[in-house]
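1. build me a structure from this.
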Amino acid sequence: MASFRFMHAADLHLDSPFIGISGLDDTLRSYVQESTFRALERLVQLAIDQQVDFIVISGDIYDSSNISLRAQLRFLDSLNRLGMEEIAVYVIHGNHDPLDSTKLSMALPPHVHVFGAEPASVTAVRRSDHHEVAVITGMSYPTSKVTDNIAIRYPAPSSRLYHIGLLHANVDGDPQHETYAPCTKRDLIQSGFHYWALGHIHSRRILQKSPYIVYPGNIQGRHIRETGPKGCYIVDVDESSNTKLSFHELGSMRWHIVEAPLDSCQDVDEWRRSLESILTEISRENADGLSMIRVRITGRGPVHRQLEGGYVLDELLIDLRRREAAKGQTCGYRGCVWIESFSLHSGDAIDRQRLLAEDSFAGDLLRLVRGEQERVQDPGGVVAKSLEPLLEHAEIRSLLDEISPEELLEWVRRAEELTLGLLLRERSQGEGVGT
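-> Take a look at the predicted model:
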């Protein structure tokens with residue numbers, strides 16, 4: 001078998017609207033909304049620079065089934081540029097851009113193969129000599145909801161060539177993603193394929209190395225739950241079918257959650273200086289791109305009470321954003337650090353073990369909260385009962401349906417922090433009055 005090289009990408013989500021990001025001026029908002037297209041341009045340039053023989057794209061090229069003309073034209077431009085280099089492209093469509101999507105009908109160049117609504121196979125060749133090197137099998141979603149196991153319908157390998165399966169699916173039921181085309185890792189291992197080029201999960205994962213079962217993640221993070229470098233894999237296959245992967249970042253904008261502890265700080269200004277040191281380090285680590293961060297304020301100490309009121313953090317956020325926006329105008333946002341939000345996870349310095357042993361209202365409350373933390377999803381629990389009135393409203397119900405158990409636990413923890421803080425301050429003031 002001849003050696004060859006290909007690119008595996010997925011989940012381009014072109015023209016993602018990036019809704020819900022506040023505080024952006026027009027220039028920065030335009031930069032953010034162009035980020036998926038910049039990632040696509042980098043993908044094309046990488047494919048040319050790395051001299052790949054072909055590209056496989058495992059679904060969700062577009063962000064919505066109502067596909068914008070702008071996204072179609074930008075993708076077509078990219079395909080044409082790849083065609084000039086004789087780089088073939090093999091594509092499946094996923095749940096965001098199924099075959100029945102609303103879009104303008106466009107003829108694709110002959111070097112592009114889009115798989116239909118049933119599993120099918122094609123043979124890929126090496127660019128330099130058109131030697132047959134791989135059989136590629138794939139299937140596009142006919143509609144947005146494919147809930148059956150389509151992987152087991154893929155035809156078994158029928159030649160001695162390297163076999164690649166393109167699949168947009170949730171393997172082994174990842175609870176953080178919708179369960180489309182569900183299958184198991186065992187299904188894929190038993191298929192006889194050499195490489196499963198997966199899409200749908202936006203985090204980069206290699207589930208198995210023999211055979212390779214790979215999620216490359218999306219090419220550009222779109223919100224705070226899609227953190228870190230985003231990109232694609234370059235895959236080298238030698239004459240003995242040995243496979244080597246190398247990751248290449250494509251995104252121009254990274255999302256991060258960073259911690260800014262306040263334990264050792266005596267006042268807000270000391271904590272602010274500590275935060276600015278953290279931001280400087282992030283800028284240094286991502287000097288060629290924009291960093292979008294959520295600052296998670298942690299620890300216990302006197303600074304917490306000063307930040308808890310909100311206005312200090314609000315004013316600090318406005319000033320830090322102002323400085324980064326001005327910097328971005330001169331450097332094209334390279335090395336800029338934009339704070340998406342502050343998330344307060346800090347607290348007063350409270351001796352919880354003493355409170356748990358105490359016969360008091362505060363002690364009773366803390367014991368109740370600790371018990372409820374073990375049953376946040378119990379329909380009979382305090383949390384579920386407290387949320388019941390909100391479920392009568394359809395929009396709020398749909399938002400609550402997306403809340404993870406971890407987020408519910410965080411709500412309970414914050415309620416504990418706020419309530420204990422108020423109770424103990426009132427108790428302290430009462431003790432002060434009586435002395």
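2. just the helices in the chain please.
-> Secondary structure of the chain (DSSP state H): helices at 26-33, 35-49, 69-84, 185-189, 268-285, 303-308, 311-331, 352-356, 361-373, 382-387, 394-401, 405-434.
3. end-to-end on stretch 130-145?
-> With CA to CA, to the nearest Å as the measure, the ends of stretch 130-145 fall 37 Å from one another.
4. show me how the chain divides into domains.
-> As assigned by automatic domain parsing, the chain contains the domains 4-249, 252-345, 350-435.
5. most tightly surrounded among the ones you listed?
-> Sort the domains of the chain by mean neighbour count, taking mean count of other CB atoms under 10 Å, and domain 4-249 sits at the top with a mean of 18. (Glycine included, C-beta is placed from N, CA and C.)
6. which residues of the stretch 301-435 of the chain score low on pLDDT?
-> Applying pLDDT under 70 to the stretch 301-435 of the chain flags the ranges 351, 425, 427-435.
7. which residues in the stretch 101-250 of the chain form strands?
-> In the stretch 101-250 of the chain, the segments counted as strands under DSSP state E, counting those that start in this stretch are 112-114, 120-125, 132-138, 162-168, 195-199, 205-209, 212-215, 231-237, 243-249.
8. dump the ones you listed to JSON lines, plus distance to residue 97 and mean pLDDT.
-> JSON lines is the format used below for these (distance: least, CB to CB, whole Å; pLDDT from 0 to 100):
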{"stretch": "strand 112-114", "distance to residue 97": "11", "mean pLDDT": "98"}
{"stretch": "strand 120-125", "distance to residue 97": "18", "mean pLDDT": "98"}
{"stretch": "strand 132-138", "distance to residue 97": "14", "mean pLDDT": "98"}
{"stretch": "strand 162-168", "distance to residue 97": "10", "mean pLDDT": "98"}
{"stretch": "strand 195-199", "distance to residue 97": "11", "mean pLDDT": "98"}
{"stretch": "strand 205-209", "distance to residue 97": "22", "mean pLDDT": "97"}
{"stretch": "strand 212-215", "distance to residue 97": "18", "mean pLDDT": "98"}
{"stretch": "strand 231-237", "distance to residue 97": "18", "mean pLDDT": "98"}
{"stretch": "strand 243-249", "distance to residue 97": "23", "mean pLDDT": "98"}
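9. those: which one's closest to residue 312?
-> Taking CB to CB, strand 243-249 is the member of these nearest to residue 312, at 35.5 Å.
10. what angle separates the closest one from strand 205-209?
-> Here strand 243-249 runs at an angle of 170 degrees relative to strand 205-209 (axes from the mean of the first three to the mean of the last three CA atoms, to 10 degrees).
11. packing partners of strand 243-249?
-> With contacts taken as 3 or more CB pairs under 8 Å, 6 or more residues apart in numbering; DSSP states H and E, strand 243-249 sits against strand 212-215, strand 231-237.
12. contacts for that strand?
-> Residues outside strand 243-249 that contact it (CB atoms under 8 Å, 6 or more residues apart in numbering) are 46, 194-195, 204, 206, 212, 214, 216, 229-238.
13. quick one: the residue lying closest to residue 363 once chain neighbours are set aside from residue 419, how far?
-> Nearest non-adjacent residue to residue 363, counting by CB to CB, 6 or more residues apart in numbering: residue 355, 5.1 Å away. Between residue 355 and residue 419 the distance is 12 Å, computed by CB to CB, to the nearest Å.
14. find the centremost residue of this protein, please.
-> Centrality entry for the chain: nearest residue to the mean C-alpha point is residue 226, 2.1 Å, by CA atoms, centre = their mean.
15. before we move on, back to that, pipe the strands of the stretch 101-250 of the chain into JSON lines and attach distance to residue 301 per row.
-> Below are those laid out as JSON lines (distance: least, CB to CB, whole Å):
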{"stretch": "strand 112-114", "distance to residue 301": "58"}
{"stretch": "strand 120-125", "distance to residue 301": "60"}
{"stretch": "strand 132-138", "distance to residue 301": "55"}
{"stretch": "strand 162-168", "distance to residue 301": "48"}
{"stretch": "strand 195-199", "distance to residue 301": "45"}
{"stretch": "strand 205-209", "distance to residue 301": "38"}
{"stretch": "strand 212-215", "distance to residue 301": "41"}
{"stretch": "strand 231-237", "distance to residue 301": "39"}
{"stretch": "strand 243-249", "distance to residue 301": "37"}
